[in-house]
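Asks: coords please:
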Amino acid sequence: MKSNIIEFLRKKDFRFESNIGQGGTGKTVLLKDELINELFVCKKYSPYYKSDKEKYFKNFVDEIKILHSLFHLNLVRVFNYYLYPELHTGYILMEYIKGIQISDFIRNNPERINSVFTQTIDGFRYLEENKILHRDIRPDNILVSEKGVVKIIDFGFGKIIEFDDKFNKSISLNWRYSTPNEFSLEIYDFKTEVYFVGKLFEEIIKENDIENLKYTQILNKMINPKYDERIHSFFDVSREILSDCSNSIYFTDDEKQVYQIFAGRLVEIFSKICDDSEYISNLDTIIMELETIYRNSILEDEIQNPTRIASCFIKGQYYYNKNIRFYVENLESFIRMMKSSSFDRKKIILNNLWQRLDRIKRYPKESNSDLPF
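Replies: Modelled structure (predicted):
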């Protein structure tokens with residue numbers, strides 16, 4: 001029966017390897033699964049003050065929900081969890097990262113500063129896309145593996161934000177860096193996270209006398225204490241990084257022609273775009289959706305419903321122009337170019353498409369307050 005409970009009765013054991021640390025909300029240890037010969041980090045929820053155990057148990061469960069919803073190279077992965085609600089405790093089994101905190105890594109590898117910077121921005125951009133604030137940005141919570149891969153960890157203070165609701169601003173942390181101006185207005189949002197990530201890199205750069213960061217101007221925009229003058233989001237930081245990288249990547253005349261034809265057709269689809277809509281940035285998803293449209297149109301000369309192509313790039317509301325002609329061969333050529341390009345080239349192509357879409361007229365989000373439900 002569909003509603004039946006499926007029970008896995010076999011007990012899973014791990015071998016204790018070492019203690020990693022004791023924080024305010026619990027203990028973290030290193031465990032080994034001897035069956036597959038892999039190490040895992042296990043975090044136990046066990047607050048330092050017994051009186052807090054029941055009070056903050058929901059925060060611990062929320063952390064599990066957050067980690068389970070995420071999958072990105074630059075974020076720590078969660079593999080499993082074990083909850084004991086009756087005891088107000090539980091365990092999270094996570095990826096073991098063989099590496100060191102970001103400040104130590106840069107001290108030992110100053111020539112890797114640009115890679116570490118862009119990876120860190122990419123990880124926080126992904127959190128931003130998923131409306132998750134980290135809220136505890138410091139070197140201890142950004143590790144770098146032996147292979148130079150950035151891993152953002154510890155979402156104990158993370159929270160999924162619904163922007164229509166006034167979220168709890170009462171969180172109290174010992175801020176490592178000087179606080180931005182918006183703190184006086186009780187504002188903490190993604191613009192604030194941009195500031196703290198920028199301050200983290202500013203500190204690392206000053207401590208190690210690093211002079212080879214390619215993104216100094218971008219960093220200065222990130223650490224502006226004035227809320228209204230600071231760069232808006234990690235998405236915008238990523239776009240500025242891509243713009244800087246574009247000068248060092250070459251495209252042939254044929255590739256430029258393929259891009260320009262596709263971009264021209266894409267822009268023609270839109271009449272105007274809601275200013276609440278967002279650009280889709282997952283390259284694999286975009287290519288997969290375009291391939292589906294192509295397969296469904298392979299016997300045609302023209303795409304029968306060009307708005308399906310529009311929805312591959314825009315998430316949200318928009319008005320579209322009718323009677324747009326989008327040729328199947330142009331879509332095929334663009335897909336072929338994207339699939340044959342390196343990851344960096346794909347990102348530059350996408351950023352150039354966004355620049356074209358930026359010029360399309362915007363309109364405010366339409367209110368449906370007069371509707372009964």
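Asks: Now do the domain split for the protein, please.
Replies: Annotated domains of the chain cover 15-95, 99-247, 249-363 [automatic domain parsing].
Asks: From what I see, residue 98 and residue 149 are in contact.
Replies: No - counting by C-beta atoms under 8 Å, residue 98 stays clear of residue 149, with 10.3 Å between them. Every C-beta, even on glycine, is put in place using the N, C-alpha and C of the backbone.
Asks: picking that back up, reformat the domains of the chain as a markdown table; add mean pLDDT, mean neighbour count and distance to residue 6.
Replies: Output for the domains of the chain, formatted as a markdown table (pLDDT from 0 to 100; neighbours: other C-beta atoms under 10 Å; distance: least, C-beta to C-beta, whole Å):
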| stretch | mean pLDDT | mean neighbour count | distance to residue 6 |
| --- | --- | --- | --- |
| domain 15-95 | 86 | 16 | 16 |
| domain 99-247 | 86 | 17 | 29 |
| domain 249-363 | 94 | 15 | 31 |
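Asks: Of all these, which one is nearest residue 3?
Replies: Taking C-beta to C-beta, domain 15-95 is the member of the domains of the chain nearest to residue 3, at 21.6 Å.
Asks: what about that closest one, distance to the chain center?
Replies: 21 Å (C-alpha atoms, centre = their mean, to the nearest Å).
Asks: And for stretch 235-247?
Replies: Worked out by C-alpha atoms, centre = their mean, stretch 235-247 lies 16 Å from the chain centre.
Asks: Of the domains of the chain, which is nearest residue 7?
Replies: domain 15-95 (15.1 Å).
Asks: re earlier: is it possible to get a markdown table of the domains of the chain that adds distance to residue 4?
Replies: Below are the domains of the chain laid out as a markdown table (distance: least, C-beta to C-beta, whole Å):
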| stretch | distance to residue 4 |
| --- | --- |
| domain 15-95 | 21 |
| domain 99-247 | 31 |
| domain 249-363 | 34 |
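Asks: Ok, which of the ones you listed comes nearest residue 5?
Replies: Here domain 15-95 is closest among these (C-beta to C-beta), at 16.1 Å.
Asks: Quote the end-to-end distance of the closest one.
Replies: 16 Å (C-alpha to C-alpha, to the nearest Å).
Asks: what do you get for stretch 317-332?
Replies: With C-alpha to C-alpha, one end of stretch 317-332 sits 26 Å from the other.
Asks: Ok, stretch 125-134 next?
Replies: Across stretch 125-134, first to last residue, C-alpha to C-alpha, it's 11 Å.
Asks: for the closest residue to residue 84 other than its chain neighbours, what are its contacts?
Replies: For residue 84, ignoring the flanking residues on the chain, the nearest one in space by C-beta to C-beta, 6 or more residues apart in numbering is residue 90 at 5.7 Å. Shown in contact with residue 90 (C-beta atoms under 8 Å, 6 or more residues apart in numbering): 44-45, 60-61, 64, 81-84.
Asks: Next one: residue 90 relative to residue 59, how far apart?
Replies: 12 Å (C-beta to C-beta, to the nearest Å).
Asks: and if you look at residue 53?
Replies: 11 Å.
Asks: And residue 341, by the same measure?
Replies: 42 Å.
Asks: Could you do residue 103 as well?
Replies: 27 Å.
Asks: Start from the N-terminal end of the stretch 251-373 of the chain and give the strands.
Replies: 270-274, 278-279, 314-315, 318-320, 362-363 (DSSP state E, counting those that start in this stretch).
Asks: do you know which of those strands lies nearest residue 216?
Replies: strand 278-279 (26.0 Å).
Asks: Could you tell me which strands that closest one is paired with, and in which direction each runs?
Replies: Strand pairing for strand 278-279, determined by DSSP bridges: strand 314-315 (antiparallel).
Asks: Now that residue 319 has come up, it's in contact with residue 270, right?
Replies: Yes - checked against C-beta under 8 Å, the pair residue 319 and residue 270 is within contact range at 7.3 Å.
Asks: Look at the residue nearest to residue 84 and tell me its secondary structure.
Replies: Secondary structure, DSSP: H, G, I helix; E, B strand; the rest coil: residue 90 is strand.
Asks: any idea of the pLDDT on residue 10?
Replies: For residue 10, the model assigns a pLDDT of 64.
Asks: swap in the one 4 residues further on?
Replies: According to the prediction, residue 14 has pLDDT 90.
Asks: what residues are up against it?
Replies: Residue 14 neighbours (C-beta under 8 Å, 6+ apart): 31-34, 40, 42.
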